Every structure is written in C-alpha cells, then in structure tokens.
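Student: okay, here's the prediction I keep looking at, along with the sequence it came from:
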Amino acid sequence: MSSIRTRLAFLIIAGMAMLLIIAGVTIDYLLREQLKTEFDRNLLSKAMSLVTLSEQDEGEVEFDFVDRFMPEFAADERPEYFQLWLADGTLIERSGSLGEADLPRSNPPLDTPHFTDLTLPDGRVGRLVAVRFVPYHDGPDDDEKQAGAQADPGRQPDDGEAGTSASDLRADIAVARGTEDLDHLIATVRATLAVIFALLMGATALLVRLSVDRGLKPLNKIAGEVRNLDADNLNTRLPDTPGSDELAPITRQLNELLERLEAAFQREKRFSGNVAHELRTPIAELRSLAEVGKEWPADRDMVEGFFGELVHLADDMERTVTNLMMLSQLEAGTQRAAMAPIGLSQLIDKTWRRLTSQANGKQVQLDNRVRDDLKVRSDEDKLTLILTNLFSNAVSYSPDHSVIVVAVEENTVGAQLAVSNPTVDLAEQDLPLMFERFWRKDEARAGGRHAGLGLSLVKALADILSIKISSALDTSRRFTIMLSELQPV
C-alpha cells in the first residue's frame, strides 16, 4: 500500500528531475551552439587571414604563403587544410596537407562565408568554410581607367590594363579543420552536466526525504494519538498542531468526532441502564403479583384485580418494546415515507380524538388554529404518530385545566407547525435533553405510564419526513415544539 510519504517524495523528485533535464538540455543546446559559433568564427578568421595573402597583378592572382608561418597546414598529425581557386575553377594554391586531394567547392556568394560539415582527407570529421572574394589590387581602379579612356579616346591600354578588370576578378578559398577538439569539449560539457544532474538528484532525494519526514512529523504524531484511542478513553482530545494550517482542520474535525462518539457511547450506556430500569420495575411487580396471587388463589376478586394489574403492566412493557423496535427501524433506515397530500387541520382533530379520555381526566382542551383548507405533503401514518406523541406528552405534563394550542405559520421555506402547552417545572437547560431516550423530568408526575421514548420517536420520525424539529420555553413558562419545513400543497 503506497503512503503519502512515498507519493509525495516521488512527485517532488520526479518534478525536480524533469526541471533539471529541461535545464540540462537547454544549457547543452546553448553551449553547443555557442561553441560551434566560436569554432566557425575562428575558422573564418583563419580563412580571412589567408585571403590577405592573396594579391592580383595584371589579371593574375598571386598567393604569398609560407608554410613555416602556418605549420598547421603541413602538420603530420591532425593537420588543417586550405585550397584557393579562381572563380572559374582554376587552382591557385593548396596546402601541403592535402597532397593530391581536393577540398569540395561550394560556389558561395561574394563575401558571404558558407560553412559545411565534411569528412577530411585523412578520414576525420571536420568543418569547412568557403569564401568568395576579390583579391587585393594596388593599381588604378576601373573608374580611373574609364576616366582616362574618356579623356584620351585614342589612347591604347597598357599591358597592366589589358585582360580582366580588378573588380571582375573573383577567387574562392576553402579552409577546413577537424572538429575533434570541439566534439571533445561538447562531450566534456555533457558529461559534466550529467555528473551535476546525478549529484543534484542525489542531494534532492536526500533533502526531499528529510523535508517530507519533518513535514509529516505532526501527521505521524496525530496518527499515534489516534492509534491509542479506544472505547475506554474517548474523552481524550488530540493536541493542537501549531504552525500547520493543513492539519488544524483535521485535528478540529477529529476532536468534534470524538466528542460525538463520546456522547453516543454515553447515550448507549445510559440506554442500557434505562432499559434495565424500565423492565426491572414491571418484572418485579409481575413477580410480586404472581406470588401474592399464589398465596390466596381462592379470593376471586383479588385474583381478578391481580390479573387487571398484570394486563396494565404487560401493556406498558409492550408499548416500551414497540417504541424501541420502531426507533431501531427508523435509525437503521428501513422505514420509508409514503408522501401524499394531507389535510393538516383534519388530521390534528382526528389525532386529538384518540386522546379524549386522557385529556378529559385532566380537563385539558385543544385549541386548533390551523385553517381547514391547509394541506401538506407528508406520510399520514408517521405524521399521525408524531402528533400522537406530542399531544400525549403535552397532556401528561400540563397542569389541569390547561389549553394546548396548535398553530401554523407559513414562510418561504414551507409551513411551521407549533404545539404549545403550559408547564410547571421545565427549565431552559432541559431543552437539549428532551429528545434523548428515556429522559423524563419527573417520573412521579408521569405516573409510570411514560418511558421517556415519545420525543425520541418524534425526532426519528421527523428525520424520515425531512422535518426540522426544535423546542422553546418562553418567559410565561409555556413550552413549544416546532415542526418546520412542512411542504404545503
């Protein structure tokens, strides 16, 4: 399995290698071209030096060359070569190094050097420059001759003026030399660049490894802290990572996750204890009733009373188990909402009628302020179960002779249904706890008929229906639960 360290190091080294290769190729090209340019410049300079040794006199070109002043043209090893022709191809002079061989002619334009690569007579790789030029002439120029002819039309040209004019006489010179020194220098430059590249890549790999290890040290520290976490120390929080803007959000999110996990584990622990408590009491009562009934089996009225109590206890236990099973199904996502238009006011009245006996016992009334024509899109069965639990809790925890108010406020995001009732001992700090399982403010006031699962079930059902649920307690001790984002039809 590849690691961040390996991928990061590979990407940095690969990127650095690419940059070095591009830089090396660029430097190699520039240096090679510069060295070739300098080589050609020296070759041309030598050719022009030989040009200065030529002179024309009376239509002929004389070449005053002495081997001992330029021994490179007669050397036994790695000699250089030159050859001089008239423009018509007549040979004037050649270097002793050529022997009977000839250099190639390229007929270049006048005063425009022409460079080419070639194989030298001795088999070496070389380079040649060819230059066409007008040999030096120290006599009167053509303009002066023309002027003299116009002044004395009968005058005949002397011997020096006969034949080709100085301005028309052309000569070609070719100079060649081996490029082994140039090639060796270029190879040396390339080898040096290769060595530098290898050294830089080695140093880069080392620095990248050290830098990556140092940069990932905070991440390794976090990994070690996370590795030591388990269910027994979820209260541990990861330390801050100063100077690391990238890891700070990760640390913060992990700490928030640990807080949620710790809270979830605490809820599960409380849940186990609450389930045991809720079931232990009715089971103890069942045992007690069974033992008492066994002692006086002949007392029919007592036995019938015992069986009546047993039925109530069984109903309470069945209700608790049913609610727990429904909560489990809702949280597991196995329940689906069958959305359809529902008359909200009519559903409220229908649900309230099911609680008439419970409400009449405390003389609690319902004030339904929802208009009759308002329809919302929802799941009727699940919304009925939500209203049933809200009304049941409102009746149970309201003082006698209270009025439960149901109202709707419509806004841009939908409709908000509010169920409010007066309360006596509820406090602001109780609001965040109300939707936890088995939470009850006062078990004695509930009469043992509520297991504290109603609002937990309401919250789970609201999540399935995409309804937002919230609670509030105003200064007049009136408690309100709001169901937001109901979608009107």
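Tutor: Cool, got the structure.

Student: can you tell me the helix or strand for residue 102?
Tutor: For residue 102, there is no helix or strand it lies in under DSSP states H and E.

Student: that one: neighbour count?
Tutor: Residue 102 has 14 neighbours, counted by other CB atoms under 10 Å. Placement of C-beta: from N, CA and C, glycine included.

Student: and residue 122, by the same measure?
Tutor: Per other CB under 10 Å, the neighbour tally for residue 122 reads 15.

Student: same thing with the one 4 residues further on?
Tutor: Residue 126 is flanked by 23 other residues according to other CB under 10 Å.

Student: likewise for residue 113?
Tutor: Number of residues near residue 113 (other CB under 10 Å) recorded here: 18.

Student: please apply the same query to the one 3 residues further on.
Tutor: The burial count assigned to residue 116 is 14, neighbours taken as other CB under 10 Å.

Student: same question for residue 69.
Tutor: Number of residues near residue 69 (other CB under 10 Å) recorded here: 8.

Student: before we move on, what about residue 184?
Tutor: Neighbour count for residue 184, taken as other CB under 10 Å: 10.

Student: let me know the secondary structure of it.
Tutor: With DSSP: H, G, I helix; E, B strand; the rest coil as the basis, residue 184 sits in helix.

Student: i'd like the first residue to be 38 from this point on
Tutor: Yes, from this point I'll number from 38; that puts the last item at residue 221.

Student: other SSEs contacting the helix or strand containing residue 498?
Tutor: Assessed by DSSP H and E, residue 498 sits inside helix 491-501. Packing partners of helix 491-501 (3 or more CB pairs under 8 Å, 6 or more residues apart in numbering; DSSP states H and E): helix 337-369, helix 417-434, strand 505-510, strand 515-525.

Student: could you list the residues in contact with stretch 235-246?
Tutor: Stretch 235-246 has contacts (CB atoms under 8 Å, 6 or more residues apart in numbering) with 46, 49-50, 53-54, 57.

Student: biggest separation within the residues you listed, which pair?
Tutor: Longest distance between any two of the contacts of stretch 235-246 is 16.0 Å, between 46 and 57; criterion CB to CB.

Student: before we move on, which element is the residue nearest to residue 153 when sequence neighbours are not counted in?
Tutor: Distance criterion CB to CB, 6 or more residues apart in numbering; nearest residue to residue 153, sequence neighbours excluded, is residue 165 at 5.4 Å. Using DSSP H and E, residue 165 sits within strand 162-170.

Student: report the buried residues of that strand.
Tutor: With burial defined by 16 or more other CB atoms under 10 Å, the residues of strand 162-170 counted as buried are 163-170.

Student: equivalent analysis for stretch 417-427, please.
Tutor: By neighbour count with 16+ other CB under 10 Å, stretch 417-427 contains the buried residues 419-427.

Student: ok, stretch 257-277 next?
Tutor: Burial within stretch 257-277, assessed by neighbour count using 16+ other CB under 10 Å, is assigned to 259, 271, 275.

Student: ramachandran angles for the last one?
Tutor: With angles defined as degrees, to the nearest 10, residue 275 shows backbone torsions of phi -70, psi 140.

Student: what does the first one give?
Tutor: Main-chain torsions, residue 259, degrees, to the nearest 10: phi -60, psi -40.

Student: for it, list the residues it contacts.
Tutor: With contact taken as CB under 8 Å, 6+ apart, residue 259 is in contact with 275, 278, 284, 287-288, 291.

Student: so what's the nearest residue to residue 148 once chain neighbours are set aside up against?
Tutor: Excluding its sequence neighbours, the residue lying closest to residue 148 (CB to CB, 6+ apart) is residue 170, at 6.4 Å. Contact analysis of residue 170 by CB under 8 Å, 6+ apart lists 88, 91, 147-148, 207-210.

Student: ok, residue 170 to residue 135 distance?
Tutor: Distance of residue 170 to residue 135, given as CB to CB, to the nearest Å: 20 Å.

Student: give me the pLDDT for the residue nearest to residue 148.
Tutor: Residue-level confidence at residue 170 comes out at 93, pLDDT.

Student: do the one 4 residues further on as well
Tutor: According to the prediction, residue 174 has pLDDT 82.

Student: do the same with residue 360
Tutor: For residue 360, the pLDDT comes out at 61.

Student: how about the strands in the protein?
Tutor: With DSSP state E as the criterion, the chain has strands at 91-94, 97-100, 118-123, 128-131, 151-156, 162-170, 208-215, 377-380, 402-405, 412-415, 440-448, 451-459, 505-510, 515-525.

Student: of those strands, which approaches residue 392 most closely?
Tutor: Residue 392 sits nearest to strand 402-405 of all those, at 8.8 Å, using CB to CB.

Student: hmm, back to that, dump the strands of the chain into a markdown table; add distance to residue 492 as well.
Tutor: Putting the strands of the chain into a markdown table (distance: least, CB to CB, whole Å) gives the following:
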| stretch | distance to residue 492 |
| --- | --- |
| strand 91-94 | 115 |
| strand 97-100 | 118 |
| strand 118-123 | 107 |
| strand 128-131 | 114 |
| strand 151-156 | 94 |
| strand 162-170 | 95 |
| strand 208-215 | 100 |
| strand 377-380 | 22 |
| strand 402-405 | 19 |
| strand 412-415 | 19 |
| strand 440-448 | 15 |
| strand 451-459 | 11 |
| strand 505-510 | 9 |
| strand 515-525 | 8 |
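
Student: what's the burial count for residue 465?
Tutor: 8.

Student: from the contacts of residue 170, which is closest to residue 141?
Tutor: Comparing these against residue 141 with CB to CB picks out residue 209 as the nearest, at 10.9 Å.

Student: was I right about that closest one contacting residue 142?
Tutor: Yes: here residue 209 reaches residue 142: they are 6.3 Å apart, a contact under CB atoms under 8 Å.
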